[in-house]
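> need coordinates for the following:
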Amino acid sequence: MLWIRALVWASALIWCAASQPTVLFVDSSDGGFLNSVVSLEQLSAEGLSAVVASLLAVQPPAAVSAVVSQQVEALIKPNIFARPEALLAIQIAGVDPAVVTKESAAALLGERPQHRVTFNAAAPHTALVTALRAVAEGTPSRLNYHALDFTGLSGCSDACVEQLLKETLAGLGGSYSPGPGPMTGIVNLPSSTSGPPVQLDLGSLAERLWATELATLHQTVADVIAEKVRREAQGEDSGPAAPELLEATLVGMQGVLEAHGADSAQYAAAWAALVAELRGAQDKLSKAFNNRLVSQISLLGEVPAGKDNMRSLLQWREAHRFRQLLAPVPGYTAGNETSPEQWATKAIAWTSFIILLFFTLAGICCLTNMQFKRDSLLYGRAKAD
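Numbering: from 1, shown residues only. Purely as a prediction, here's the structure:
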């Protein structure tokens, strides 16, 4: 399918970044998980792994150094019982972190407490994928992974994606004009200057990539929420549930940037639509997870790379393979098997029960077989006056 080839080409853009990206950490609306004041300015790849592991309440992938420990303590509240149920990790290529100011970030992240740090890594996407993979591979049975990009919609044809796009645009105030074939029409988006609608021609691979990511994000978020509701209805979430990692890497903005430029109406409209969809996704997921959601939005900036670069294609393939390995297995729910901690808890409980039962039965046997003597109160001698 042509749109998948576009995804393969555009995803190859993200192996090497020209500038250091920015990571935005967004707390729940009540600020229950992140520190209110953060003095941290830079975050290393090791620090990101430790932060993600700490938020998901799983074991860090490697020994935590003093520097990494300081980074974690600077971001996360020192309370092991205050951990979110889900972590939303979104990486966006083609958006300059410098233009996303504190005021404009409020449109993307809402009024939730947020902290902005610089991700200090030479190859940001590679380091970020490695950080997520290291956490997931360290505790695969204690983590539910959900891909919110095109890998989360396996088996969806061009016509399927086109229908999803229509539904997504309807919720964003836009519309879709069909073309001669699936995913070849015109996307009409509201203009940021109150002018006529801005049109994106899906005949271009760049626009088609952006539209596919937008529709896929909308549907995969809906699928995650539907699965959460189903588990609650069936009582599967009655006990401690495995933490959820919701992840996507969006590179469609990079294609729109190279096709039209950063100052174009098409780029501004595409970014506004993506911001609105991400904002809505955060609100829906936060409600579904009972306001126990923390978001990590990474702005990678412009990441130039040639579409014929074989190294970039191989790098994308490895990242794609990583997501497939973490995708849920049909008929299997992560966290159902007994972890070492759960086994130890059950062993202690059963041992204590057996010991208590033994002493209880021994006490009953002693009471029922003891030698009874004549009680002095009932059989006392008569006293002489």
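> for whichever strand or helix holds N188, output the C-alpha coordinates as PDB.
Per DSSP states H and E, N188 falls inside strand 186-189. C-alpha atoms of strand 186-189 as PDB (Å, rounded to 0.1, in the frame of the first residue of the first chain):
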ATOM      1  CA  ILE A 186      -8.500  16.700   0.000                       C
ATOM      2  CA  VAL A 187      -8.400  17.500   3.700                       C
ATOM      3  CA  ASN A 188     -10.000  20.800   4.600                       C
ATOM      4  CA  LEU A 189      -8.800  22.300   7.900                       C
END
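> what about the strands in the chain?
Secondary structure of the chain (DSSP state E): strands at 22-26, 42-44, 86-93, 114-120, 144-147, 175-177, 186-189, 198-201, 244-250, 293-301.
> about what we covered before: walk me through which strands the strand holding N188 pairs with, and which way each runs.
Sheet pairing for strand 186-189, assigned by DSSP bridges, gives strand 175-177 (antiparallel), strand 198-201 (antiparallel).
> where in this structure is pLDDT low?
Residue ranges of the chain with pLDDT under 70: 1-19, 101-111, 121-126, 128-130, 133, 136-141, 151-152, 236-240, 303-341, 372-385.
> next one: the strand holding N188 to chain centre, how far?
The gap between where strand 186-189 is centred and where its chain is centred comes out at 29 Å by Cα atoms, centre = their mean, to the nearest Å.
> quick one: contacts of it?
165, 169, 172, 174-177, 179, 197-202, 207, 211, 269-270, 272-273 (Cβ atoms under 8 Å, 6 or more residues apart in numbering). C-betas here are computed from N, CA, C, even on glycine.
> wait, S39 touches L75, no?
No - S39 is not in contact with L75 according to Cβ atoms under 8 Å; the separation is 10.1 Å.
> looking at the two, which is more packed in?
Remark: of S39 and L75, L75 carries more neighbours, 23 against 7, as counted by other Cβ atoms under 10 Å.
> which ones are touching the more buried one?
Neighbours of L75 in contact, by Cβ under 8 Å, 6+ apart: F25, L34, N35, V38, L40, V51, H115, V117.
> okay if I get those residues as TSV plus neighbour count?
Conversion of those to TSV gives the following (neighbours: other Cβ atoms under 10 Å):
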residue	neighbour count
F25	25
L34	23
N35	18
V38	16
L40	19
V51	28
H115	18
V117	20
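> tell me, how many residues neighbour the residue nearest to S39 when sequence neighbours are not counted?
Among residues not flanking S39 along the chain, A74 sits closest, at 6.1 Å (Cβ to Cβ, 6 or more residues apart in numbering). Counted with other Cβ under 10 Å, the neighbours of A74 add up to 19.
> shouldn't A74 be in contact with L34?
No - counting by Cβ under 8 Å, A74 sits too far from L34 to count as a contact (9.8 Å).
> off-centre distance for stretch 221-238?
Chain-centre distance of stretch 221-238: 16 Å, with Cα atoms, centre = their mean.
> could you dump that stretch to CSV, C-alpha only?
What follows is stretch 221-238, C-alpha atoms only, in CSV (Å, rounded to 0.1, in the frame of the first residue of the first chain):
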residue,chain,number,x,y,z
VAL,A,221,-6.6,6.0,21.7
ALA,A,222,-10.3,5.0,21.4
ASP,A,223,-9.3,1.3,21.3
VAL,A,224,-7.2,1.7,24.5
ILE,A,225,-10.1,3.3,26.3
ALA,A,226,-12.6,0.7,25.0
GLU,A,227,-10.3,-2.1,26.3
LYS,A,228,-10.0,-0.4,29.7
VAL,A,229,-13.8,-0.1,29.9
ARG,A,230,-14.2,-3.8,29.0
ARG,A,231,-11.7,-5.0,31.6
GLU,A,232,-13.5,-2.9,34.3
ALA,A,233,-16.9,-4.3,33.2
GLN,A,234,-15.6,-7.9,33.5
GLY,A,235,-13.9,-7.3,36.8
GLU,A,236,-10.4,-7.9,35.4
ASP,A,237,-9.1,-4.7,37.0
SER,A,238,-10.3,-5.5,40.5
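> rewinding a little: nearest to D223, out of the strands of the chain?
Closest to D223 of the strands of the chain, according to Cβ to Cβ: strand 144-147, at 8.0 Å.
> any chance of the contacts of L75 in JSON lines with distance to T345 as columns?
JSON lines is the format used below for the contacts of L75 (distance: Cβ to Cβ, whole Å):
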{"residue": "F25", "distance to T345": "32"}
{"residue": "L34", "distance to T345": "29"}
{"residue": "N35", "distance to T345": "31"}
{"residue": "V38", "distance to T345": "35"}
{"residue": "L40", "distance to T345": "35"}
{"residue": "V51", "distance to T345": "27"}
{"residue": "H115", "distance to T345": "35"}
{"residue": "V117", "distance to T345": "37"}
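> now, which of those residues sits nearest V135?
Taking the contacts of L75 together and measuring to V135 by Cβ to Cβ, the closest member is V51, at 9.6 Å.
> how close does the residue lying closest to V64 once chain neighbours are set aside get to Q71?
Excluding the flanking residues, the one nearest V64 by Cβ to Cβ, 6+ apart is A50, at 5.5 Å. From A50 across to Q71, the span is 7 Å (Cβ to Cβ, to the nearest Å).
> just want to know which of the two has more residues nearby.
A50 (27 against 21).
> correct me, but that one touches A74?
No - the pair A50 / A74 is not scored as a contact, 11.4 Å apart, by Cβ under 8 Å.
> grab the nearest non-local neighbour of L88.
S295 (4.3 Å).
> got it, and P190?
Nearest to P190 is G173, by Cβ to Cβ, 6+ apart, at 5.0 Å.
> does the one you found really touch S191, like I thought?
No - G173 is beyond contact range of S191, at 10.7 Å (criterion: Cβ under 8 Å).
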